[in-house]
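Student: Got a predicted structure here, sequence first:
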Amino acid sequence: MAEIKIPLSVPDSKKSEYKKNYNQATANTGNLLLIAGDQKVEHLNDDFFGRGIAPEDASPEHLFKIAAGVRGGVLATHLGLISQYASSYPHIPYLVKINGKTNLGQNAEKDSSECWWKTEDVLNFKKQSGLNIVGIGYTVYLGGKFEAQMLSRIAREINVAHQNGLIAVLWVYPRGKNIKEEDIHTIAGGAGVAACLDADFAKVKYPYGSKNAKLTAEKFKEVVLAAGRTKIICVGGQKRNLKEMIKTTKEQMKIAGTHGLAIGRNLHQRPLAEAIKLGNNLSEVIHGPKPKKRSSFLGLF
Amino acid sequence: MAEIKIPLSVPDSKKSEYKKNYNQATANTGNLLLIAGDQKVEHLNDDFFGRGIAPEDASPEHLFKIAAGVRGGVLATHLGLISQYASSYPHIPYLVKINGKTNLGQNAEKDSSECWWKTEDVLNFKKQSGLNIVGIGYTVYLGGKFEAQMLSRIAREINVAHQNGLIAVLWVYPRGKNIKEEDIHTIAGGAGVAACLDADFAKVKYPYGSKNAKLTAEKFKEVVLAAGRTKIICVGGQKRNLKEMIKTTKEQMKIAGTHGLAIGRNLHQRPLAEAIKLGNNLSEVIHGPKPKKRSSFLGLF
Amino acid sequence: MAEIKIPLSVPDSKKSEYKKNYNQATANTGNLLLIAGDQKVEHLNDDFFGRGIAPEDASPEHLFKIAAGVRGGVLATHLGLISQYASSYPHIPYLVKINGKTNLGQNAEKDSSECWWKTEDVLNFKKQSGLNIVGIGYTVYLGGKFEAQMLSRIAREINVAHQNGLIAVLWVYPRGKNIKEEDIHTIAGGAGVAACLDADFAKVKYPYGSKNAKLTAEKFKEVVLAAGRTKIICVGGQKRNLKEMIKTTKEQMKIAGTHGLAIGRNLHQRPLAEAIKLGNNLSEVIHGPKPKKRSSFLGLF
Amino acid sequence: MAEIKIPLSVPDSKKSEYKKNYNQATANTGNLLLIAGDQKVEHLNDDFFGRGIAPEDASPEHLFKIAAGVRGGVLATHLGLISQYASSYPHIPYLVKINGKTNLGQNAEKDSSECWWKTEDVLNFKKQSGLNIVGIGYTVYLGGKFEAQMLSRIAREINVAHQNGLIAVLWVYPRGKNIKEEDIHTIAGGAGVAACLDADFAKVKYPYGSKNAKLTAEKFKEVVLAAGRTKIICVGGQKRNLKEMIKTTKEQMKIAGTHGLAIGRNLHQRPLAEAIKLGNNLSEVIHGPKPKKRSSFLGLF
Amino acid sequence: MAEIKIPLSVPDSKKSEYKKNYNQATANTGNLLLIAGDQKVEHLNDDFFGRGIAPEDASPEHLFKIAAGVRGGVLATHLGLISQYASSYPHIPYLVKINGKTNLGQNAEKDSSECWWKTEDVLNFKKQSGLNIVGIGYTVYLGGKFEAQMLSRIAREINVAHQNGLIAVLWVYPRGKNIKEEDIHTIAGGAGVAACLDADFAKVKYPYGSKNAKLTAEKFKEVVLAAGRTKIICVGGQKRNLKEMIKTTKEQMKIAGTHGLAIGRNLHQRPLAEAIKLGNNLSEVIHGPKPKKRSSFLGLF
């Protein structure tokens, strides 16, 4: 098992709970394979229905079927969806996304997203449902009109999460005029903010389109360093082929020092079997080779 | 009785209460016939007084008389109106609409609607009045300036409702520049948001005006799929004749897979007898044929 | 005594308190003579000092002297004024106006008016002072930038009022571009909103200037019908002579079905004796002829 | 001792506390000499350092030295300054100014000023420090963008103050386009609002520059009348000579019926001895001649 | 040990705790050497990675290494960073910066910064972690659109801090059109506001670029006087050489009467050894010469 540096905001009485959640989230490796299932709000139905998308993706249940089949994956989605489906998928580790917004907002509201649930609601839901809920997720837009209230809110939520042994994953997106969203220095700035907020993981953009992939990964170290003890996971980005994804994820982790991947469209827009295969291949990169006896691996949970 | 998939946000101790409310709301069929009586706020007196409107509709009591006469119908209206009239109509199943706005708002305020009552107020009202209150209703405008606070608020209210065994029905209306309110893909997006919010039913628009009715119903499956285990009911739309309504409702349910209908103007602008007849005909489509012995049906409540 | 339809938001334990307040407010007749004394805020000193205004009106005490002399009148004013003067006028029935704004606001703020006191504060004040406080009053501007928060707030306050046996009177004013404030159909819309908010009385505008007074009263039935079991009282309007006022009030009540009158400037801008005479004449129209033995009437309080 | 009309918002159990505070604030005369020491926030350092200002005024301690030397004066300033200095000046009666803003604000924010402390904080501070804190002070800008929230907030604070036996002094400043801040009719409007808010004293502007001083004082009666039982004190205005100040203050009190004076710059910009002399001369006008035995006067505290 | 003037907002029961924190913060001298480590939020990664910046500065741990090596230094940074690293650096005295914003904000939001944690959260964190947390830090922008809410918020936080024996340090920055941020008179205004807010220390700008350094220090007395018993520390400003820094700091303290220095970029952009040397040299100026036996000094903590 990877050693865990437990933040001091986790009280002694909740340290074993935190470790348990951290280990469940990372398949005991310290690395995270996040199945991003919050896009039904963020992108409405655009990512789930249309040309080039597997018909199975039309139903939200597809996300749960994938997550159930991918070794070590954590399904990040809104509490409502978990509430509706998790009775059929009780073994998945869940990360509850506590905020969200659609892509319909105009002007400043494009960056406005309030908490739908307090961490206390998540804790209550975890208790009453008995589900494997490992923590909370939250998207913060730096530079937008609502930055101040978002930072204030998520600082509170992370604090409550840690007080109760949950982990916290931030989606960190710098915004604003003249901001290049894939500029590494800017991404590093956001990563540093995540560290100051006491996040356990920060999900950030990655400049996938660059010509020299290794140099990019080298430069991306700035992000990992800036985040300090908060671990960096990269977004999966546009749909790419399996081989390409495996390669880039390896480079990110080995060269830049990231600790996993968040994958959404790239996963769920595929038919179930193909999605599960991709997920498990990524898990091998992120969590290491599959243990011989699957049962013993599952015994960790 | 239809099987009910109870969301995990309903605690064990409230599952029988939830089932009871769900069954009362759907006449034990899982399908909903919602009598939309919130337009006295939304449209002021425009829907209730004027040319082509039955004179009886001038008084809000007309809504209660209709609801009392329609088999399996649920009257959705504001708590204030229920407080004023329900002592005379104690047997109607009520859904308390907890927000509302007039049609006078300018600019961004056109999409601004705050909660008038907390779900806790509804629960208290239910307890002290002894009424058949089955749940809460809320209108959310996606894409408006107030989307963030509306989503945050209704997520909380649904959570409180489920914690206490009430059902939650969302009116979901995407808004904004370039939004076509009857575009099926857009409606599907809103339906997915309702699922992420843990709604039990989502009331959405339907493109009634299309030339090929069956093809439309076929395409509308996208909406039903996107909503997952949240059930879709369509708005009743502009005033149409009885035969036409019965036909479309059947198509929606049989082809697209919707679970009922919400009907407002189309019902209450008619004289009482005619309204009750239409309502009962719709109930036959939605809830199935009337049981031989009416008394045994009523015994369910 | 007039029969009172007690809203279901009044719990059983507070029904006798509600009836007592309702009867005190209406001199046991169900009809309301509201002495509107909230204009020191709404119109600053414009209504109280200047040409054509009795010099006595310069002091707020004038309002209390009038109210003390008018049979069955209820003085509606802010808690602060009651706090300052009611020790000298302990027998007046008071309605506490809980919001207010000056006429100095610019732009959207013209329609912005927040609660100064919560209903809980009013209840506490009633208890500690022992005064005859019958309920709360609130002005809502429909269509303004702050409509959403006003509706939300007053719904809460009315609920708290009824929970504790107080009555609630709404001042309902539709606003906005293209709104004609004396258009009957628009006024009816506002009246319907008051019903949905569970108000006991709604104070609305009346088109006093119309040529055919009887026809106007006939048309005004729309407002009374739209309000359902919420009773309508009309504003007193511009200063008119006593005879004219008596006549119009009779028409409003007999033809349109209103339940009383709210009178402000038209009353307090007169010298004390004249104001009391007008008030008592109006009371005769609204509450019926003065009982033979005044003492027995007062015994009701 | 002057008779005190205790507002009904002061509960019986706090009436003696209220009387004590009222008497301490007014040196048992019912008239108030307010040393306005809140300008370190309102005007930053402009009033305290520069040409024509005594060098001693550079330190906030100057305010405390003056207040300690002026018979019957009440020092109105922010809680922070009292917290820092009052251990050295424990005998001064203090009025805690609970809101404040700088003069740097742009646009609508020029009239924006939120409460820094709740009245509960003041009460707690009074209790733990044992200081002679007689009440709270608050500046309200009528007509500004924030009027609604200011009125709402101060109504609450005055209510809490009275519930606990503290007095409340309002600084009332009408603002806005076309508003003449020294127009008596407008000032009277603000005074009426103070009465409706249950203030004990209202500090208002005075048209010092007018040619006919006595006529002005005569006209100013409108303000005193409009305020009802809330007492009016005038601002000290621009720096004027001692003789002129004594004369005007007498006119205000004798002719217009005001109940004291608020003095800031006019006092603290002078060297200590001169300031104390002016203060004591004003006290003689406001509180009446100094008692023969100073000790017996101090015995009141 | 320097005498401490304890504010009256510190209750008797917390006076020894306050003294302990004050002494820890100032190495028993009353003077403060603040290591400003909040720029990972304020300037994102601009101050930590790039040309002219020591590579070690890329990781937030660099700040902790410096603070651990500098005698009498207090590390001011966000709670999240402390939570992540302080288990490795448990002996550093920490000041928790409770608000923050990035440099990406547009328009009015440039001056918008809400509290991330309440002082209660800091107290709880102190208790559960056992760290040497001496107090809270907060940046206030005077003159910005959010001045009113910032002043209101920090007044509350300082009050809670003092109630519990923590010290409070304000970063005070006047803003707005026509404001010269290094104008001494303006800085003095901000210092006075800090005093009215009950701050223990105010961190303010200093006109480093002026030609006559001694004259500047002389003029800067205005700031120190305006702050009263609140002590002034100057920002470190742009990167300057060690000798220059020592000289200016001496002038500030000896001539103007300031009580220490806040240093950020000027410190952490240097390699560790160089940073520690600079820090200790500044400590000698600020806290006086290093005690002969280091162990006895450390014994104070």
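Tutor: The structure has been received and is ready for your questions. Numbering: from 1, shown residues only, chains lettered A, B, ... in the order given.
Student: make it CA atoms for all contacts and neighbour counts henceforth
Tutor: Fine.
Student: Chain D versus the residue of the stretch 151-300 of chain A found nearest chain B, what's the distance?
Tutor: Residue nearest to chain B within the stretch 151-300 of chain A (C-alpha to the nearest C-alpha): A:Arg153, separated by 12.6 Å. According to C-alpha to the nearest C-alpha, to the nearest Å, A:Arg153 stands 21 Å off from chain D.
Student: wait, doesn't that residue sit right on E:Trp116?
Tutor: Yes - counting by C-alpha atoms under 8 Å, E:Trp116 is a contact partner of A:Arg153 at 7.0 Å.
Student: more neighbours, those two?
Tutor: Regarding A:Arg153 and E:Trp116, a neighbour count based on other C-alpha atoms under 10 Å in any protein chain shown identifies E:Trp116 as having more, with 27 against 21.
Student: In terms of pLDDT, where does the more buried one sit?
Tutor: Note on E:Trp116: pLDDT of 98.
Student: Contact partners for it?
Tutor: A:151-156, E:98-100 (C-alpha atoms under 8 Å, 6 or more residues apart in numbering or on different chains).
Student: Next, work out how far apart it and chain C are.
Tutor: 27 Å.
Student: out of everything not next to it in sequence, what's closest to that residue?
Tutor: Spatial nearest neighbour of E:Trp116, excluding adjacent residues (C-alpha to C-alpha, 6 or more residues apart in numbering or on different chains): A:Ser152 at 4.1 Å.
Student: wait, is that neighbour part of a helix?
Tutor: Yes - using DSSP: H, G, I helix; E, B strand; the rest coil, the assignment for A:Ser152 is a helix.
Student: Tell me who's in contact with it.
Tutor: Applying C-alpha under 8 Å, 6+ apart, the residues near A:Ser152 are E:99, E:114-117.
Student: could you pull out the strands for chain A?
Tutor: A:32-36, A:73-78, A:94-97, A:133-142, A:167-174, A:201-204, A:231-235, A:260-263 (DSSP state E).
Student: Looking at the contacts of A:Ser152, spot the one nearest A:Arg240.
Tutor: Nearest to A:Arg240, judged by C-alpha to C-alpha, of those is E:Trp116 at 38.4 Å.
Student: Now do the closest one against chain B, distance only.
Tutor: Per C-alpha to the nearest C-alpha, E:Trp116 is found 19 Å from chain B.
Student: Distance check, that residue against E:Ile136.
Tutor: Computed as C-alpha to C-alpha, to the nearest Å, the E:Trp116 to E:Ile136 distance reads 12 Å.
Student: Mutual contacts of these two, please.
Tutor: By C-alpha under 8 Å, 6+ apart, E:Trp116 and E:Ile136 have these common neighbours: E:Ile98.
Student: For B:Ser87, find the nearest of the strands of chain A.
Tutor: For B:Ser87, the closest of the strands of chain A is strand A:73-78, at 39.8 Å, according to C-alpha to C-alpha.
Student: and that closest one with strand A:167-174, angle?
Tutor: Taking axes from the mean of the first three to the mean of the last three C-alpha atoms, to 10 degrees, one finds that strand A:73-78 is oriented at 70 degrees with respect to strand A:167-174.
Student: Which residue comes closest to A:Lys250 once chain neighbours are left out?
Tutor: A:Val285 is the one closest to A:Lys250 (C-alpha to C-alpha, 6+ apart), at 6.5 Å.
Student: Name all residues that make contact with that neighbour.
Tutor: A:246, A:249-250.
Student: Can you check the pLDDT for it?
Tutor: For A:Val285, the model assigns a pLDDT of 97.
Student: go on, A:Arg294?
Tutor: The per-residue pLDDT reported for A:Arg294 equals 48.
Student: A:Asn99 too?
Tutor: 97.
Student: next one: A:Ile179
Tutor: With respect to pLDDT, A:Ile179 has a value of 87.
Student: Contact partners for the nearest residue to it once chain neighbours are set aside?
Tutor: Spatial nearest neighbour of A:Ile179, excluding adjacent residues (C-alpha to C-alpha, 6+ apart): A:Thr186 at 7.8 Å. Residues in contact with A:Thr186 (C-alpha under 8 Å, 6+ apart) are A:174, A:179-180, E:44-45.
Student: Please indicate which of those residues are buried?
Tutor: The neighbour-count test (16 or more other C-alpha atoms under 10 Å in any protein chain shown) marks A:174, E:44-45 as buried among those.
Student: most centrally placed residue in chain A?
Tutor: Nearest to the geometric centre of chain A sits A:Leu34, at 4.3 Å (C-alpha atoms, centre = their mean).
Student: Run through the bridge partners of it.
Tutor: On the basis of DSSP bridges, A:Leu34 is bridged to A:Val74, A:Ala262.
Student: Settle this for me: it is touching A:Leu267, isn't it.
Tutor: No - using C-alpha under 8 Å, A:Leu34 and A:Leu267 do not qualify as a contacting pair, with a distance of 10.8 Å.
Student: Show me which residues of chain A are close to chain B?
Tutor: By C-alpha under 8 Å from any C-alpha of the partner chain, the residues of chain A that approach chain B are A:40-41, A:43-46, A:49, A:58-61, A:78-87, A:99-106, A:109, A:112-117, A:125, A:128-129.
Student: Just the buried ones among the residues you listed, please.
Tutor: Buried residues within the residues of chain A next to chain B, counting neighbours by 16+ other C-alpha under 10 Å: A:40-41, A:43-46, A:49, A:58-61, A:78-86, A:99-105, A:109, A:112-117, A:125, A:128-129.
Student: From the residues you listed, which land in helices?
Tutor: Counting by DSSP state H, the part of these found in helices is A:40-41, A:61, A:79-85, A:125, A:128-129.
Student: and the residues you listed near chain C, which?
Tutor: Applying C-alpha under 8 Å from any C-alpha to those, none is adjacent to chain C.
Student: how about these in JSON lines, adding distance to chain D?
Tutor: Listed next are these as JSON lines, based on distance: C-alpha to the nearest C-alpha, whole Å:
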{"residue": "A:Lys40", "distance to chain D": "38"}
{"residue": "A:Val41", "distance to chain D": "34"}
{"residue": "A:Glu61", "distance to chain D": "47"}
{"residue": "A:Leu79", "distance to chain D": "35"}
{"residue": "A:Gly80", "distance to chain D": "36"}
{"residue": "A:Leu81", "distance to chain D": "39"}
{"residue": "A:Ile82", "distance to chain D": "40"}
{"residue": "A:Ser83", "distance to chain D": "39"}
{"residue": "A:Gln84", "distance to chain D": "41"}
{"residue": "A:Tyr85", "distance to chain D": "44"}
{"residue": "A:Phe125", "distance to chain D": "36"}
{"residue": "A:Gln128", "distance to chain D": "38"}
{"residue": "A:Ser129", "distance to chain D": "41"}
